[in-house]
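Visitor: Sequence first, then the predicted structure, then my questions.
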Amino acid sequence: MDPRMITTCLQLPGYRTVHNLGVVRGVTVRSRWIGSQIAASLRTIGGGRIDEYVVLCEQTRAEAFEFMAQHADAMGANAILSVRYDATDLGNNMTEVLAYGTAVMVEPQQ
């Protein structure tokens, strides 16, 4: 799916929604590697950005986003509206990330 057709908006500018295909989601669960946990713990002493966790979060969100797009493709959608993310801790070092939205068929406005 073209990433330009995935939005957090309720509508896609220049297009009209012709079919609502339903909710799509992408779920992934990641754990923190012990080495990055140690490095991140040391960085918290001095404060500031913790790059190890930023990278982990970016990778995890990207994976959930990709799974959501694949789900929409499988339903025959050509766009996803109202995209959101949610995250839940699943223990001491695991996090579930969910990307979800509404799979739709859109066509250019006349």
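Guide: Everything's here; your move.
Visitor: next SSE after the helix or strand bottoming out on mean pLDDT in the chain?
Guide: The helix or strand of the chain with the poorest confidence is helix 34-46; it has a mean of 57 (mean pLDDT, DSSP states H and E). Sequence-wise, the next helix or strand downstream of helix 34-46 (DSSP states H and E) is helix 51-75.
Visitor: Could I get the buried residue list for that following helix?
Guide: Glu52, Leu56, Thr60, Arg61, Glu63, Ala64, Phe65, Phe67, Met68, Ala69, His71, Ala72 (16 or more other C-beta atoms under 10 Å). Any C-beta I mention is one placed from the backbone N, CA and C, and that applies to glycine too.
Visitor: Tell me how far the second one lies from Tyr85.
Guide: It stands for Leu56. Taking C-beta to C-beta, to the nearest Å as the measure, Leu56 and Tyr85 are separated by 14 Å.
Visitor: Which elements pack onto the longest strand along the chain?
Guide: Longest strand of the chain, by residue count under DSSP state E: strand 15-31. Contacts defined by 3 or more C-beta pairs under 8 Å, 6 or more residues apart in numbering; DSSP states H and E place strand 15-31 against helix 51-75, strand 79-89, strand 94-108.
Visitor: Can you list the buried residues in it?
Guide: Going by 16+ other C-beta under 10 Å, strand 15-31 has these buried residues: Tyr15, Leu21, Val24, Arg25, Gly26, Thr28, Arg30.
Visitor: again with stretch 101-109
Guide: Buried residues in stretch 101-109, counted by 16+ other C-beta under 10 Å: Gly101, Thr102, Ala103, Val104, Val106.
Visitor: If the third one is in a bridge, with which residues?
Guide: Ala103 forms beta bridges with Gly22, Ile80, as assigned by DSSP bridges.
Visitor: who touches it in this structure?
Guide: Taking C-beta atoms under 8 Å, 6 or more residues apart in numbering, we find Ala103 in contact with Asn20, Leu21, Gly22, Val23, Val24, His71, Ala72, Met75, Ala77, Ala79, Ile80.
Visitor: closest to Thr7 out of the helices and strands packed on strand 15-31?
Guide: Of all the helices and strands packed on strand 15-31, it is strand 79-89 that lies closest to Thr7, at 6.1 Å by C-beta to C-beta.
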